[in-house]
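# Sharing a model prediction with you, sequence too.
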Amino acid sequence: MHYMDNISVTVTTRVIAATTRVYENAGPVTILFILGVLGNAAALGVVCCNAKTHKWRPFQRYVLALVISDGGGILASYPFAEYRYISKFTYTFPKPLCEYLGFVFMFTLMSSAMIVCCMSFDRFFATFYPFLYNSPSKGLRTNIILGIVWCLSGILSSLHLYGLGTSKNIYPGSWCFLNFIEVESEHPHATENRVYSYVYAITGLTVVTLTIVANAAVAIYFIRNRFFRSRPNSGKRDVQIIIFVLVVAFIFGSLWAPLMINILQHASGAISGEDVTELILLRMGVSHSVLDPWIYILLRKEILVLILRAVEIVTNQKLRIVQNLTGNDDGQDQRASFNQPRVQIE
């Protein structure tokens, strides 16, 4: 009996040790940091250099805000995580630093999610309510919305600083977040941690749901009008918008939602403890901030045309989508091309 117990303990210890060796390395952290900084810097350059062309319409303002949130969050947090790995985990975050990192991680993820949601509804209103959308004050309206988004994200991400829950240094000690781990009754502040976890996760999942609904509505609208109403000349931007909307919705939902679901599972008691799962889910969430600028850069019309023309060369076939993208740009709203009053939009 004792022999079997020894075997069981030995096996468990080896599994944990193997897991530690696999995940306690600086490779993923370094890659995310480099790609995040380069991508957001490149997107910032593209947006600013093309200011004379886009004249800072609402969509470009949202892109700029997304770059600021994503790039700023990565720069403000990942150097500390990198140092933790470089020190071979001998350096431990002091409590004030952990509270700071918890705020930065939560703020970056939530503000990025809300800005993507706002971008989706920007396309939604531009498509379904073009006259309302194209009011003279749309630039000011966008700035106000972004201010509200940052304020809400800041408040939601700093509640642990005011006594609602706590922050926690989570496995492998390279990141801090709201304490959704210690929600059992034997832990101090368990009730506050549980409430905070529910508030943050439910808000995050609500943002995901609204983003998917808005994106799906826009995509269905264009697909229906292009392929089921025999109106192929609906404007060359239709293809770009459909591709951008679907890619953003898929990546955002698939990378952000799992972390929110995991937090809800901890808060409800369905799961407990911490291991590499939470680390992977956080990296998935941060990957969204890393991928956002690359999506914007790669899905620009010029890049899409280059990629599709390369596909034409390889397949030796002409693609109709290239003609749609390179056709004459009437600069009109998407709905206007369906024999409706024409209004100028970005």
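That came through, no problem. Everything numeric in this text was worked out from a predicted model, so none of it was measured.
# quick one, strands of this structure?
Residue ranges of the strands in the chain, as given by DSSP state E, are 167-170, 175-178.
# Any idea which of those strands gets closest to residue 74?
Among the strands of the chain, strand 175-178 comes nearest to residue 74, with 12.3 Å by CB to CB. C-betas here are computed from N, CA, C, even on glycine.
# returning to what we had before: closest to residue 250 out of the strands of the chain?
Minimum separation from residue 250 across the strands of the chain (CB to CB) falls at strand 175-178, 24.5 Å.
# Show residues contacting the closest one.
77, 81, 93, 97-99, 101-102, 105-106, 160, 165-170, 193, 196-197, 200, 263, 279, 282 (CB atoms under 8 Å, 6 or more residues apart in numbering).
# List buried residues within those.
Buried subset of the contacts of strand 175-178 (neighbour count, 16 or more other CB atoms under 10 Å): 77, 81, 93, 98-99, 101-102, 105-106, 160, 165-170, 193, 196-197, 200, 263, 279, 282.
# any idea how far residue 315 is from residue 120?
Using CB to CB, to the nearest Å, we find residue 120 at a distance of 33 Å from residue 315.
# Looking at those two, which is more packed in?
Summary of the neighbour comparison: residue 120 and residue 315, criterion other CB atoms under 10 Å, with residue 120 having more neighbours (24 against 9).
# which stretches of the stretch 101-250 of the chain aren't confidently modelled?
Applying pLDDT under 70 to the stretch 101-250 of the chain flags residues 226-242, 245.
# Helices of that one, start to end?
130-133, 138-157, 190-227, 237-268 (DSSP state H, counting those that start in this stretch).
# Determine which of the strands of the chain approaches residue 60 most closely.
Closest among those, using CB to CB: strand 175-178, at 31.4 Å.
# Any chance you could give me the closest one in PDB, C-alpha atoms only?
What follows is strand 175-178, C-alpha atoms only, in PDB (Å, rounded to 0.1, in the frame of the first residue of the first chain):
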ATOM      1  CA  TRP A 175       1.300  38.300 -14.400                       C
ATOM      2  CA  CYS A 176      -1.300  39.700 -12.100                       C
ATOM      3  CA  PHE A 177      -5.000  39.900 -12.600                       C
ATOM      4  CA  LEU A 178      -8.200  40.200 -10.500                       C
END
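# That one pairs with which strands, and in what direction?
strand 167-170 (antiparallel) (DSSP bridges).
# Other residues contacting the strand it pairs with?
Contacts of strand 167-170 (CB under 8 Å, 6+ apart): 92-93, 98-99, 101-103, 160, 175-182, 274, 278-279, 282.
# With only the CA atoms kept, save it in PDB.
This file holds the C-alpha atoms of strand 167-170, laid out as PDB (Å, rounded to 0.1, in the frame of the first residue of the first chain):
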ATOM      1  CA  SER A 167      -5.300  41.300  -7.300                       C
ATOM      2  CA  LYS A 168      -3.400  38.100  -7.500                       C
ATOM      3  CA  ASN A 169      -0.100  37.000  -8.900                       C
ATOM      4  CA  ILE A 170      -1.100  34.000 -11.000                       C
END
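# circling back to that earlier point, redo the strands of the chain as a markdown table? Include distance to residue 41.
Output for the strands of the chain, formatted as a markdown table (distance: least, CB to CB, whole Å):
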| stretch | distance to residue 41 |
| --- | --- |
| strand 167-170 | 29 |
| strand 175-178 | 23 |
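# among the ones you listed, which is nearest residue 61?
Of these, nearest to residue 61 by CB to CB is strand 175-178, at 29.0 Å.
# Now find how far off-centre that closest one is within its chain.
Centroid separation between strand 175-178 and its chain, computed with CA atoms, centre = their mean, to the nearest Å, is 17 Å.
# got the buried residues for it?
Those would be 175, 176, 177, 178, for strand 175-178 by 16+ other CB under 10 Å.
# Same question for stretch 62-76.
62-74, 76.
# before we move on, what about stretch 264-275?
Those would be 264, 266, 267, 274, for stretch 264-275 by 16+ other CB under 10 Å.
# with the residues you listed in mind, which one is nearest to residue 142?
Once CB to CB is applied, the member of the buried residues of stretch 264-275 that ends up nearest residue 142 is residue 264, at 31.7 Å.
# I'd say the closest one and residue 194 touch.
No - counting by CB atoms under 8 Å, residue 264 sits too far from residue 194 to count as a contact (10.5 Å).
# So residue 257 versus residue 207, what's the distance?
For residue 257 relative to residue 207 (CB to CB), the value is 10 Å.
# same thing with residue 58?
Taken as CB to CB, the span from residue 58 to residue 207 is 19 Å.
# what sits against the most centrally placed residue in the chain?
Centroid-nearest residue in the chain, with CA atoms, centre = their mean: residue 288, separated by 3.9 Å. Listed by CB under 8 Å, 6+ apart, the contact set of residue 288 reads 109, 112, 113, 251, 252, 255, 256.
# give me the number of residues near the spatially closest residue to the fifth one that is not a sequence neighbour?
Looking back up the chat, that one is residue 252. Nearest non-adjacent residue to residue 252, counting by CB to CB, 6 or more residues apart in numbering: residue 116, 5.3 Å away. By other CB under 10 Å, 24 other residues sit near residue 116.
# again with residue 87
Residues near residue 87, counting by other CB under 10 Å: 10.
# Please apply the same query to residue 189.
Residue 189 sits with 17 neighbouring residues when counted by other CB under 10 Å.
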